[in-house]
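Student: Sharing a sequence plus its predicted fold:
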Amino acid sequence: MKYTSEQLDAIAAKLRDMPAVEKRRQEYSKQAAVAVLIKEITALQKRGYALAEIAEALRGEGLDIATPTLKNYLLRTKPARKKPSAATAVPKPVPQKPPPATKPASFPVPSDTDEI
């Protein structure tokens with residue numbers, strides 16, 4: 001089906017006239033909540049708070065989380081430290097060893113004989 005420009009203009013006008021939708025209430029799992037609060041939690045750690053104290057404060061605000069669970073979620077949420085990639089890493093020089101000296105044979109070589 002094809003649409004005329006008048007039909008599309010009418011549809012666009014109706015879409016523009018639609019009322020704004022109230023922001024839907026988003027719900028988070030405990031792990032997602034820790035991810036949202038990561039900056040605040042790490043700031044508390046830098047200020048000297050122990051994880052047990054932070055977990056207690058979170059429980060006091062209604063986020064029921066145990067200290068070991070908080071620690072686990074923080075380890076999962078924190079970005080892993082990146083190792084320098086091979087392209088940016090400076091290669092270490094490989095020490096040059098002199099070639100090994102040739103040693104004489106360890107067994108006597110018999111002269112050629114016609115006996116077989």
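Tutor: It's in. Residues are numbered from 1 along each chain as shown.
Student: what's next to stretch 59-79, contact-wise?
Tutor: Contact with stretch 59-79 is made by 30-31, 33-35, 38, 41-42, 51-52, 54-55, 58, as judged by C-beta atoms under 8 Å, 6 or more residues apart in numbering. For every residue, glycine as well, the C-beta is placed using N, CA and C.
Student: Which one of the residues you listed is nearest to P95?
Tutor: For those, the minimum distance to P95 (C-beta to C-beta) is 42.5 Å, reached by T42.
Student: From V94, how far off is the closest one?
Tutor: 41 Å (C-beta to C-beta, to the nearest Å).
Student: neighbour count winner among the two?
Tutor: Per other C-beta atoms under 10 Å, whichever of T42 and V94 has more neighbours is T42, with 14 against 6.
Student: Dump the C-alpha coordinates for the host helix or strand of that one into CSV.
Tutor: T42 belongs to helix 38-46 when assigned by DSSP states H and E. What follows is helix 38-46, C-alpha atoms only, in CSV (Å, rounded to 0.1, in the frame of the first residue of the first chain):
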residue,chain,number,x,y,z
ILE,A,38,29.2,1.7,41.8
LYS,A,39,30.6,5.3,41.8
GLU,A,40,29.1,6.0,45.2
ILE,A,41,30.3,2.7,46.7
THR,A,42,33.8,3.1,45.4
ALA,A,43,33.9,6.7,46.7
LEU,A,44,33.0,5.3,50.2
GLN,A,45,35.7,2.7,49.9
LYS,A,46,38.2,5.5,49.1
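Student: What's the mean pLDDT across it?
Tutor: The average of the pLDDT scores along helix 38-46 is 94.
Student: Could you measure from G60 over to I54?
Tutor: When C-beta to C-beta is the yardstick, G60 and I54 sit 11 Å from each other.
Student: the more surrounded of these two?
Tutor: In terms of neighbours (other C-beta under 10 Å), I54 is the more surrounded of G60 and I54; the figures are 21 against 8.
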